[in-house]
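Asker: Fold the following for me, if possible:
(one chain, ligands or ions: 1)
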Amino acid sequence: MHNKTETMTVHKIPLPTPFLVGDINVYVIKGDQVVLVDTGPDTKEAETALINGLNNLSLKVEDVDVLLLTHHHPDHIGLAYLFAETALTAGHAKLKPWLEKDEAHYQRFNEFFRAFLLENGMERKWIEAIENQREKYKKFTKPTALEMELEEKESDVPGLPGWGVMETPGHAQTHLSFYRKEDGVMVAGDHLIAHISSNAIVEAPYNEHEPRPETLIQYRNSLEKCSWVTKVLAGHGVDIQNPSKLISERLSAQEAKARMFLEKMNGEKMTVFDLTKKIYPEMYKKQPDLTFSETIGHLDLLRKSNQIAAVKSNGMYVYEQIL
Ligand SMILES: [Zn+2]
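Answerer: As a prediction, this is how the structure comes out:
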């Protein structure tokens, strides 16, 4: 039988973003069908670059048959609406409220964070700053429907015979990566990036009564799941030729960082936000959400290895070293 995967070529199109991370790479995979992975943010500049990039491959927007989305961040999904009429839009089930811009979902998310950040020592003005930032990010996505929900499976990826879907939560709860079984090439969104370590961003639970996901622990498991991959086509920056080496470097760097956090606690009792301010004395003002995520993630690691414990007193969680 003719092996369709042999004829499929993967093309990278870098698109500008207004975010610190810089350009985002979207990928076009041409076989019997045309598949696009991710879209860029909803800006005029990204839209023009995407259309030009497709044109360079002799394609128009309406030639894309399947749009696969790696995760819900606006630089990855913002322009998905361009393909609503002509392509099948597929992604993780949890992507739905983000892609459809469900107001009730945003409200639940904000309510969770207001309480959660307060009980972890963050002052209201920083919580408001985070909410304002989230409002701004929302503007880079135009709403559209998620038509197909994908979960982890080794086959039947729409438009991609011979490919599989892997759930890779950690950086985002909605994160999926797509791999070609024949040669182990993976289109991995923000799961693994060569020039920056992906932040395991804290998110609210998606269902009531669920605990908050421990995103750094999840992320580490998702990294380990990919150690067999031969090449990563990343959402930002260059291709990663030897992912297993980078994966083990990232895992040891997290362990070293957790030890550094423990040393900085210096035997004192602290909230997550106290420690965030101590470790990132300037950066926390610009990126209160990301620095907080970084701190709580590494505290989760220390708690799992029984080096620290969290005690709730006066409505706040206070962390303490176990001696
Ligand atoms: Zn992202």
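
Asker: Pick out the residue of the stretch 101-250 of the chain closest to the ion.
Answerer: Closest to the ion within the stretch 101-250 of the chain is residue 190: 3.7 Å, counting by C-beta to the ion. All C-beta atoms are positioned from the backbone trio N, CA, C, and that covers glycine.

Asker: Next secondary structure after the helix or strand harbouring residue 221?
Answerer: Following DSSP states H and E, one finds residue 221 within helix 215-224. Next helix or strand after helix 215-224 toward the C-terminus (DSSP H and E): strand 231-233.

Asker: Run through the neighbouring helices and strands of that next one.
Answerer: The contact analysis (3 or more C-beta pairs under 8 Å, 6 or more residues apart in numbering; DSSP states H and E) places strand 231-233 against strand 185-187.

Asker: Now do residue 206 against residue 225, distance only.
Answerer: To residue 225, residue 206 is 21 Å away according to C-beta to C-beta, to the nearest Å.

Asker: Can you pull the domain assignment for the protein?
Answerer: As recorded under automatic domain parsing, the domains making up the chain are 4-101+141-241, 103-136+250-321.

Asker: Of these, which stretch is the most buried?
Answerer: Among those, judged by mean count of other C-beta atoms under 10 Å, the one packed with the most neighbours on average is domain 4-101+141-241 (a mean of 19).

Asker: Off-centre distance for that domain?
Answerer: With C-alpha atoms, centre = their mean, to the nearest Å as the basis, domain 4-101+141-241 stands 9 Å off its chain's centre.

Asker: Give me the spatial nearest neighbour of residue 149, chain neighbours excluded.
Answerer: With sequence-adjacent residues excluded and distances taken as C-beta to C-beta, 6 or more residues apart in numbering, residue 149 is closest to residue 93, at 4.2 Å.

Asker: My error: substitute residue 306 in the last question.
Answerer: Of all residues not flanking residue 306 in the chain, residue 322 sits nearest, at 6.1 Å (C-beta to C-beta, 6+ apart).

Asker: what residues are up against the one you found?
Answerer: Counting by C-beta atoms under 8 Å, 6 or more residues apart in numbering, residue 322 touches 306, 307, 308, 309.

Asker: rerun at 10 Å
Answerer: 302, 303, 305, 306, 307, 308, 309 (C-beta atoms under 10 Å, 6 or more residues apart in numbering).

Asker: Give the phi and psi angles for the third one, as a check.
Answerer: Looking back up the chat, that one is residue 305. Backbone geometry at residue 305, expressed as degrees, to the nearest 10, gives phi -100, psi 20.

Asker: was I right about it contacting residue 255?
Answerer: Yes. Counting by C-beta atoms under 10 Å, residue 255 is a contact partner of residue 305 at 9.4 Å.

Asker: And the helices in the stretch 51-200 of the chain?
Answerer: Here the stretch 51-200 of the chain has its helices, by DSSP state H, counting those that start in this stretch, at 74-77, 96-99, 103-118, 124-138.

Asker: Take those helices and lay them out in JSON lines including distance to residue 39 and mean pLDDT.
Answerer: As requested, the helices of the stretch 51-200 of the chain are exported to JSON lines (distance: least, C-beta to C-beta, whole Å; pLDDT from 0 to 100):
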{"stretch": "helix 74-77", "distance to residue 39": "6", "mean pLDDT": "98"}
{"stretch": "helix 96-99", "distance to residue 39": "11", "mean pLDDT": "98"}
{"stretch": "helix 103-118", "distance to residue 39": "20", "mean pLDDT": "96"}
{"stretch": "helix 124-138", "distance to residue 39": "15", "mean pLDDT": "96"}
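
Asker: Turn the ones you listed into TSV, columns for distance to residue 84.
Answerer: Below are the helices of the stretch 51-200 of the chain laid out as TSV (distance: least, C-beta to C-beta, whole Å):
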stretch	distance to residue 84
helix 74-77	12
helix 96-99	10
helix 103-118	19
helix 124-138	18
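
Asker: Turn those into a markdown table, including distance to the ion.
Answerer: Output for the helices of the stretch 51-200 of the chain, formatted as a markdown table (distance: least, C-beta to the ion, whole Å):
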| stretch | distance to the ion |
| --- | --- |
| helix 74-77 | 6 |
| helix 96-99 | 11 |
| helix 103-118 | 16 |
| helix 124-138 | 11 |
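
Asker: The residue lying closest to residue 92 once chain neighbours are set aside: what's it in contact with?
Answerer: Spatial nearest neighbour of residue 92, chain neighbours left out: residue 174 (4.3 Å); criterion: C-beta to C-beta, 6+ apart. By C-beta under 10 Å, 6+ apart, the residues touching residue 174 are 69-73, 76-77, 91-99, 167, 189, 203, 206.

Asker: Around the ion, pick out the residues from the stretch 1-150 of the chain.
Answerer: residue 73 (C-beta under 5 Å from the ion).

Asker: Show me the shaky parts of the stretch 1-150 of the chain.
Answerer: For the stretch 1-150 of the chain, the stretches with pLDDT under 70 are 1-7.

Asker: The residue of it found nearest the ion - nearest residue in space that isn't next to it in sequence?
Answerer: Residue of the stretch 1-150 of the chain nearest the ion, by C-beta to the ion: residue 73 (3.5 Å). Leaving aside its sequence neighbours, residue 73 sits nearest to residue 172 (C-beta to C-beta, 6+ apart; 6.3 Å).
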